[in-house]
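# build me a model:
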Amino acid sequence: MESPIPFNESSCSSEFVLESPKSVKEFENKAGQKWAREIVIDYWTRTDIGWLLAPMLKIMSVMAKENPTPGGLSRSYCLEVFYKIGAKMTQQHWFVKIPKSLQTVAMDERELVMYNTIFPMLKVFLKEHLLAGEKVELPIPTIYFSSFMGDGVNDCLVIQNLCADKYFQVDKDTTKLAYMRAAMISLASVHGLTFSFMKSLGGKENLLQQFPTIKEQVLPRNKKVRKMVDETMLPFLMYMAKLQPDIAQQLMVLAKFQKFLFRVYKDLQKKESLAKLKTLVHGDAKIDNFLLKKLGFGDTDTFTAMLIDWQGCCFDRVTNDLMWCLYGFIKNLPETGEMIHGFVEYSLVHYWDELKKVLSAFGDKCSDFEIPEDSELAAELIKEGFTFEFMKNALIKPVLSLKNKDLLIDWWKKVESGDADVPLPPESEIFRSENYSSFIYLFFKMATEVNVFAHLGRTLFTHMKESMFSDVVESDSEDEMENDQEESKEEVESEILCSESNGPNGQTIIASSENGNVSNEKEDAKKEKHSVKKDSIAECIALESESAEVLPAATKTVTSMYGKVYTIKTE
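Numbers count the residues shown, from 1 in each chain. Here you go, the predicted model:
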């Protein structure tokens, strides 16, 4: 039996809709076989110009089973489809995702739009603009069928079952450089291709206008936001130190310089060179969402990587994807300190070298996008972006979207007044998601691994010196003045929550890798003991890891701001 030709030049997405089966039995009965036949005919019609063999195509059988590791958004199934064209038998491995309900349709919409609209357009762009002799591939599974009507009946995604085609998930204990290089090439392909695609459309505004489902990841900028951060940051840090004692040292140090934190964040947010790194990104590029396959035979150590689970796709800095991806490799390194720093540097330089190759394959260069040509300079810029990602997700967003800011401030005032017996407010009363503090904890771990605190420490030290030796009073920036509308607290919070929402506020989403027999998403976080050196503020911030005694495995549930649930193991 032969496998199908790779889907590499579809000129358009599926132009018809089908009512999707709802169970294993429905996939395997006659109606399910008819549904599969329609998909196979549509696939070959779109991918093989002049294909006229539809009358000869006969579905022999459909074997279905439920995905053993389903996510919270979709019902998902693994299908084996056998069909004949004349005497020729073909087997295809399908992975099918169907929204669970009308409530989850909206959350699945982004991924379905990616497969149904954006990916086909990117493939057309690849075919029409790739220079002769160049090779760039979009690292996504084969798309057999994708339809989105938003009615919960005709919404369906049918893609290649990668696990059945010898792709594998990276072992959680691996740090293999060949795997890292494959992941970096995959991200560079996505980012470079979408940079050039965005340029062909005329820039960011045209891209976002053409694809309204894709949102730009921004937080509001006005004086009300700044005021909320200024009055809440210290109580937030002290509260987190009580909830998550493993990161209490970092939190206490940040608390000493809390009045400078928003200034640092604002400077990074406004930094033009970082803003130039924005393009279409995966948005959830943790190691579990990469599936790898060995290329060639024998002792070759070359792999290719596919990206799955695109519900988080958005318009953001590439640093978002890179930070998540690198953490998956770095957390398993046996060494700390310079070993990790060298790994980060090597990975980012490799990524940028590959990004430049992708851009040049379309006749573009870094100067067209006002991004660095030198890979080492680019690596330094990306590391600044890691600091921004940490501050945005672990400090600023949590502070701006507190469920009960007044309760938190009231608790802190009592603590400051010397009331040692004041009870700690329940986390469910402070944050909008249960166990959200564990997600913040995860970002602190990620920040530690990619050396964010060294950069943040130097920056805070600079701001402190300027504050001590300067008589200039910080004034509101022009963008804050312009955006200083009379917004209520509720309006500001609504804008923050909607800026990166993958689902309704307060609804738990279980985000599992949903391609075949892939295990549930796990973020392994190793508890570390930290020593604080007090001879400089920078050293005080940059807490270096020390070896810790291995403890019995325990788990933490991590819920992100926008609803995704992660399970992390602490050792």
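# drop to CA atoms for contacts and neighbour counts, all remaining ones
Noted.
# which secondary structure elements does the helix or strand where Lys397 lies contact?
Assigned by DSSP states H and E, Lys397 falls within helix 397-400. Counting contacts by 3 or more Cα pairs under 8 Å, 6 or more residues apart in numbering; DSSP states H and E, helix 397-400 is packed against helix 223-243, helix 489-499.
# lowest-confidence stretch among the ones you listed?
Lowest mean pLDDT of the helices and strands packed on helix 397-400: helix 489-499, a mean of 50.
# Asp246 belongs to a strand, doesn't it?
No: counting by DSSP: H, G, I helix; E, B strand; the rest coil, Asp246 is not part of a strand but helix.
# and after the helix holding Lys397, which helix or strand comes next?
Counting by DSSP H and E, what follows helix 397-400 is helix 405-416.
# just checking, next helix/strand downstream of that next one?
helix 427-430.
# list the helices and strands that following helix packs on?
helix 405-416.
# what angle do the helix it packs on and helix 223-243 make?
Here the directions of helix 405-416 and helix 223-243 differ by 60 degrees (axes from the mean of the first three to the mean of the last three Cα atoms, to 10 degrees).
# now helix 405-416: buried residues?
405, 408-409, 411-412, 415 (16 or more other Cα atoms under 10 Å).
# what is the mean pLDDT for it?
95.
# next: stretch 458-473.
Stretch 458-473 comes out with an average pLDDT of 78.
# with only the CA atoms kept, save it in CSV.
The C-alpha trace of stretch 458-473 is given here as CSV (Å, rounded to 0.1, in the frame of the first residue of the first chain):
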residue,chain,number,x,y,z
ARG,A,458,21.5,45.5,35.2
THR,A,459,18.5,47.4,33.9
LEU,A,460,17.0,48.0,37.4
PHE,A,461,20.5,49.1,38.6
THR,A,462,20.7,51.7,35.8
HIS,A,463,17.2,53.0,36.7
MET,A,464,18.1,53.2,40.4
LYS,A,465,21.3,55.2,39.7
GLU,A,466,19.4,57.6,37.4
SER,A,467,16.8,58.1,40.1
MET,A,468,19.4,58.7,42.8
PHE,A,469,21.5,61.2,40.9
SER,A,470,19.0,62.9,38.7
ASP,A,471,16.6,65.8,39.6
VAL,A,472,14.4,65.1,36.6
VAL,A,473,10.9,63.9,37.6
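# tell me how far that stretch lies from the chain's centre.
34 Å (Cα atoms, centre = their mean, to the nearest Å).
# got the buried residues for it?
For stretch 458-473, by 16+ other Cα under 10 Å, it's 458-464.
# next: stretch 437-457.
437-457.
# tell me how far that stretch is from the chain's mean position?
Counting by Cα atoms, centre = their mean, stretch 437-457 comes out at 16 Å from the chain centroid.
# and that stretch, C-alpha only, in PDB?
Provided in PDB are the C-alpha atoms of stretch 437-457 (Å, rounded to 0.1, in the frame of the first residue of the first chain):
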ATOM      1  CA  SER A 437       0.100  31.600  40.800                       C
ATOM      2  CA  SER A 438       1.600  28.300  39.600                       C
ATOM      3  CA  PHE A 439       1.700  29.700  36.000                       C
ATOM      4  CA  ILE A 440       3.600  32.800  37.300                       C
ATOM      5  CA  TYR A 441       5.900  30.300  39.100                       C
ATOM      6  CA  LEU A 442       6.500  28.600  35.800                       C
ATOM      7  CA  PHE A 443       7.500  31.900  34.100                       C
ATOM      8  CA  PHE A 444       9.900  32.600  37.000                       C
ATOM      9  CA  LYS A 445      11.500  29.200  36.300                       C
ATOM     10  CA  MET A 446      11.700  29.900  32.600                       C
ATOM     11  CA  ALA A 447      13.200  33.300  33.300                       C
ATOM     12  CA  THR A 448      15.800  31.800  35.500                       C
ATOM     13  CA  GLU A 449      16.800  29.200  32.800                       C
ATOM     14  CA  VAL A 450      17.200  31.800  30.000                       C
ATOM     15  CA  ASN A 451      19.100  34.200  32.300                       C
ATOM     16  CA  VAL A 452      16.400  37.000  32.400                       C
ATOM     17  CA  PHE A 453      17.400  38.100  35.900                       C
ATOM     18  CA  ALA A 454      20.900  39.100  34.900                       C
ATOM     19  CA  HIS A 455      19.600  41.500  32.200                       C
ATOM     20  CA  LEU A 456      16.800  42.700  34.400                       C
ATOM     21  CA  GLY A 457      19.200  43.300  37.300                       C
END
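# quick one: mean pLDDT for the helix holding Lys397?
For helix 397-400, the mean pLDDT works out to 93.
# which of the buried residues of stretch 458-473 sits closest to Asp284?
Closest to Asp284 out of the buried residues of stretch 458-473 is Thr459 (27.7 Å), distances taken as Cα to Cα.
# Phe145 sits in which helix or strand?
Short version, using DSSP H and E: Phe145 is in strand 143-147.
# contacts for the very next helix or strand once past that strand, please.
Following strand 143-147 in sequence order, the next helix or strand is strand 156-160 (DSSP H and E). The contact list for strand 156-160 (Cα atoms under 8 Å, 6 or more residues apart in numbering) reads 20, 93-99, 112, 115, 141-148.
# strand 156-160 pairs with which strands, and in what direction?
strand 88-99 (antiparallel), strand 143-147 (antiparallel) (DSSP bridges).
# go through the last one and flag the buried ones.
Buried residues in strand 143-147, defined by neighbour count with 16+ other Cα under 10 Å: 143-147.
# average pLDDT for the strand holding Phe145?
Here the average pLDDT along strand 143-147 is 89.
# how far does that strand sit from its chain's centre?
Per Cα atoms, centre = their mean, the centroid offset for strand 143-147 relative to its chain is 23 Å.
# and that strand, C-alpha only, in PDB?
The C-alpha trace of strand 143-147 is given here as PDB (Å, rounded to 0.1, in the frame of the first residue of the first chain):
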ATOM      1  CA  ILE A 143      -4.000  19.100   5.600                       C
ATOM      2  CA  TYR A 144      -6.600  16.700   4.200                       C
ATOM      3  CA  PHE A 145      -9.700  18.800   5.100                       C
ATOM      4  CA  SER A 146     -10.600  21.800   7.100                       C
ATOM      5  CA  SER A 147     -13.900  23.500   7.500                       C
END
